[in-house]
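Q: everything below, folded, please.
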Amino acid sequence: MHVTVAQNAGFCFGVRRAVTLAEERAACGPVATLGPVIHNPQVVRSLEEKGARAVGRAEDVEIGGQVIVRSHGVGKAEMAALHARGAVVWDATCPFVQRIHEMVREAASSGRDVVVVGDEAHPEVQGILGWAEGRGRAVLDGTPPGPLVQPLVVSQTTLPREKFESVARRILETSPDAEVRDTICPATSLRQAEAADLAARSDVMLVVGGPESANTRKLFELCRSLCPRTYFIEDVSALEGIKFSPGDRVGVTAGASTPDCTLKEVVTRMDDIEKKEQATEPTEAPKTAESKPQETQEPVEGDFLADVERTLVQLRPGQTVTGTVVQISEDEICVNVGYKADGLVKKADLSSTDVKIGDEIEVEVVKVNDGEGNVLLSQRNIVNRKNWDEIVAKYEAGEFVTGTGKEAVKGGLICDVAGIRAFVPASQLSQRFVEHIEDFVGQTLQLKVVEVDKAKKRIVASHKAVLQAEEAEKKKEIWATLNVGDVVKGIVRRLTDFGAFVDIGGVDGLVHVTDLSWGRVRHPSDVVSVNQTIDVKILSLDPAKERISLSYKQTQPRPWEVAAVKYPVGSIVQGKVVRITTFGAFVELEPGLDGLVHISQCALTRIAKVEDAVTVGDVIRVKVLDVNPEARRISLSIRAVLEEEAFDGLNTTAPDEEFAISPAPAAAPEESAPEENA
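A: Numbers count the residues shown, from 1 in each chain. As a prediction, this is how the structure comes out:
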């Protein structure tokens, strides 16, 4: 005999969610469930013992009490009635059913009819119709009577697909504008398809579940149509009345409301029957021409079990063994490790869920007996132990590890480092203050382990240390490329009273205020601005102190070197009066380049003092009289500009008249101006 168990058997997602919620709420106090949470008497009895009692109507719920809406869902009126009683409602409606409720509500509110293909007596169908605002009807065979207004056609989630498609086609024949939505639960379709395939290949088919479960009955009917020897069993006790023949291929499946423990009991019992049959099969002796048929000797059960026991491995908690995957269910896998009982590994304890029947995997024994005769195994423990050893080795070697931000907690971030929890203090997340720690959740971070607690297997790590190390390495590379005298591009990052700090590719250098311009500078902001890109010359390097002196002015031509070109004799230019002496006014033509307007050149007529013509700060137009770069002197004249303007004005107003300009009265000898380097 060979036993095959359907992979998609037992609790579906929606049912498991509802049962778990009922157990959790019952642990907090008495709770009512609107109808049985699932159609399985064993589970219902278990929940009642824990404090979750089933009631039939909303009126039966205590005022202000707790109530769970089961996975089948309820109609709009029933939900309103629960809230009217002040009940604390915990909605465990299956997400697939909730999606149907929303479809039906939208269709009915638009004035459309709703057809639910399913059993009108089923609570799921009743709940769906409860959102149709009186425009819904259920049909299981044939077509609904009467005309339909742009009907929406949906299905009970556990209906066989062939049944739904057959009814939908008939509705489309009479209502071509109908909108057909396939709302059969994908898990139901998969379960039914797998059960049909298994039944077609089996001599005996066992369908496990409660007699009240509609989806289990549908599974039974489907399997019986393909395998005549199909049995509907509620629990393991029903196996006593079933006769199995040697060599039978037995298939096992279960409805969505069948608890794992019931399915597991049936599968374990079938495995025992299979092993016993294999153990009692006679061994045929080789025949020769002279040999005679020998009588088969019945094995002595005590001797057989003793022989089997001697072949089994001995297990202990913490032991690492290699086993073969023999069964896969929704939340765990069964592994044959050569022991008298197979081991169970929760999928959460697998290092990878990409396993299939027949795979050999390495596992660790967690418990030899979990109280129900099962061996509890873990694959993640082995991986975690190896990962822990690698992390400790990297910590001792000063190497970095990779982690993923998982949760923002008080004072820092919890990271996952190869399955090991690591705490990163907020002060170690960045080189700057971190205001929102949650921004790091989901990010992949390079970390340096700074503290290890081997006893508790806890680690403290720093991302800041990694950033600092990377920055130091980057600076080291940059310093190696810098040379005194090089002209490089930089970005002004910060201004102070004494200069500007410029980023030259990852390291900062200082341009002293005296090196910003060839002229006088009151503040660096007069010459450069933050984030401005400029060329600078490296004056000196001090790697030990990480100091770099830069010059901006040395990347610019010296003003006196190009003065004769920029300010040719005879040209009229504009400048600013920056200083006044007894013999004249100094005018700044550009930073670092001043010219002198002698007192005799300040006005058209003789003046007693320079202040009678100009004051400091005036912006004036002057004519270049002479340029001497070697002596760093430029002679300027205000009078020459005024004379030219006056002459141009006369020519404009009276072009035909001749004018004679009287010579200016004789002036006293001019005070010679001292030599001035501007």
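Q: and the helices in the stretch 501-650 of the chain?
A: For the stretch 501-650 of the chain, helices defined by DSSP state H, counting those that start in this stretch occupy the ranges 563-566, 639-653.
Q: same check, this time on the stretch 301-450 of the chain
A: Taking DSSP H, counting those that start in this stretch as the test, the helices found in the stretch 301-450 of the chain are 301-311, 380-397.
Q: which stretch in these is the model least sure about?
A: Least confident of these, judged by mean pLDDT, is helix 301-311 with a mean of 42.
Q: give me whichever of the helices of the stretch 501-650 of the chain is most buried.
A: Of the helices of the stretch 501-650 of the chain, the one with the most neighbours on average (mean count of other Cβ atoms under 10 Å) is helix 563-566, at a mean of 15. All C-beta spots, glycine's among them, are computed from the backbone N, C-alpha and C.
Q: show me the contacts for the closest residue in space to Ile242 that isn't next to it in sequence.
A: Distances taken as Cβ to Cβ, 6 or more residues apart in numbering place Tyr231 nearest to Ile242, at 5.7 Å, with adjacent residues excluded. Contact analysis of Tyr231 by Cβ atoms under 8 Å, 6 or more residues apart in numbering lists 204-207, 238, 242.
Q: am I right that Glu240 sits in a helix?
A: Yes: assignment of Glu240 by DSSP: H, G, I helix; E, B strand; the rest coil places it within a helix.
Q: report the buried residues of stretch 98-108.
A: Across stretch 98-108, burial judged by 16 or more other Cβ atoms under 10 Å covers 100-101, 103-105, 107-108.
Q: and stretch 105-119, by the same measure?
A: Buried, per 16+ other Cβ under 10 Å, within stretch 105-119: 105, 107-108, 112-119.
Q: tell me the two of those that are most distant?
A: Within the buried residues of stretch 105-119, two members stand farthest from each other by Cβ to Cβ: Arg112 and Asp119, at 22.7 Å.
Q: look up how far Ser635 lies from the closest residue to Glu59 other than its chain neighbours.
A: Once flanking residues are discounted, Glu59 sits nearest to Ala81: 7.2 Å by Cβ to Cβ, 6+ apart. Ala81 sits 105 Å away from Ser635 when distances are taken as Cβ to Cβ, to the nearest Å.
Q: same thing with Lys609?
A: Lys609 sits 20 Å away from Ser635, going by Cβ to Cβ.
Q: between the two, who's got more neighbours?
A: Shown here are Lys609 and Ser635; by other Cβ atoms under 10 Å, Ser635 has more neighbours (19 against 10).
Q: who touches the more buried one in this structure?
A: With contacts defined as Cβ under 8 Å, 6+ apart, Ser635 is in contact with 595-596, 598, 601, 624-627.
Q: okay, stretch 543-562 in PDB with CA atoms only?
A: Extracted C-alpha coordinates of stretch 543-562, given in PDB (Å, rounded to 0.1, in the frame of the first residue of the first chain):
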ATOM      1  CA  PRO A 543      48.500  65.500   6.000                       C
ATOM      2  CA  ALA A 544      49.200  65.000   9.700                       C
ATOM      3  CA  LYS A 545      47.000  67.800  10.700                       C
ATOM      4  CA  GLU A 546      44.800  67.500   7.600                       C
ATOM      5  CA  ARG A 547      45.300  71.100   6.800                       C
ATOM      6  CA  ILE A 548      45.300  72.500   3.200                       C
ATOM      7  CA  SER A 549      46.100  76.200   2.400                       C
ATOM      8  CA  LEU A 550      44.600  77.500  -0.800                       C
ATOM      9  CA  SER A 551      44.600  80.600  -2.800                       C
ATOM     10  CA  TYR A 552      41.900  82.000  -5.000                       C
ATOM     11  CA  LYS A 553      43.600  85.200  -6.100                       C
ATOM     12  CA  GLN A 554      46.600  83.400  -7.500                       C
ATOM     13  CA  THR A 555      44.400  81.800 -10.100                       C
ATOM     14  CA  GLN A 556      43.500  85.300 -11.300                       C
ATOM     15  CA  PRO A 557      45.900  87.600 -13.200                       C
ATOM     16  CA  ARG A 558      47.600  90.300 -11.200                       C
ATOM     17  CA  PRO A 559      45.800  93.600 -11.800                       C
ATOM     18  CA  TRP A 560      49.000  95.500 -12.600                       C
ATOM     19  CA  GLU A 561      50.100  93.000 -15.200                       C
ATOM     20  CA  VAL A 562      47.100  93.800 -17.400                       C
END
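Q: one step back: A strand includes the residue nearest to Ile242, no?
A: Yes: counting by three-state DSSP, Tyr231 falls inside a strand.
Q: distance of it from Val267?
A: From Tyr231 to Val267 the distance is 14 Å (Cβ to Cβ).
Q: show me what contacts the residue nearest to Gly127 when sequence neighbours are not counted?
A: In this structure, Gly127 finds its nearest non-sequential neighbour in Gly73, 4.0 Å apart by Cβ to Cβ, 6+ apart. By Cβ under 8 Å, 6+ apart, Gly73 lies in contact with 93-94, 97-98, 101, 124, 127-128.
Q: for Arg249, name its beta-bridge partners.
A: Beta-bridge partners for Arg249, by DSSP bridges, are His2.
Q: just use 619 as the starting number from now, easier for me
A: Sure, I'll start counting at 619 from here, so that last one is Arg867.
Q: what number of residues lie near it?
A: 15.
Q: what of Val706?
A: Residues within reach of Val706, counting by other Cβ under 10 Å, total 14.
Q: what's the answer for Val1245, then?
A: Neighbour tally, Val1245, other Cβ under 10 Å: 21.
Q: not counting sequence-adjacent ones, nearest residue to it?
A: Per Cβ to Cβ, 6+ apart, closest to Val1245 is Ala1182, 4.8 Å.
Q: the one you found touches Glu1248, doesn't it?
A: No: contact criterion Cβ atoms under 8 Å: Ala1182 and Glu1248 do not qualify, at 10.4 Å.
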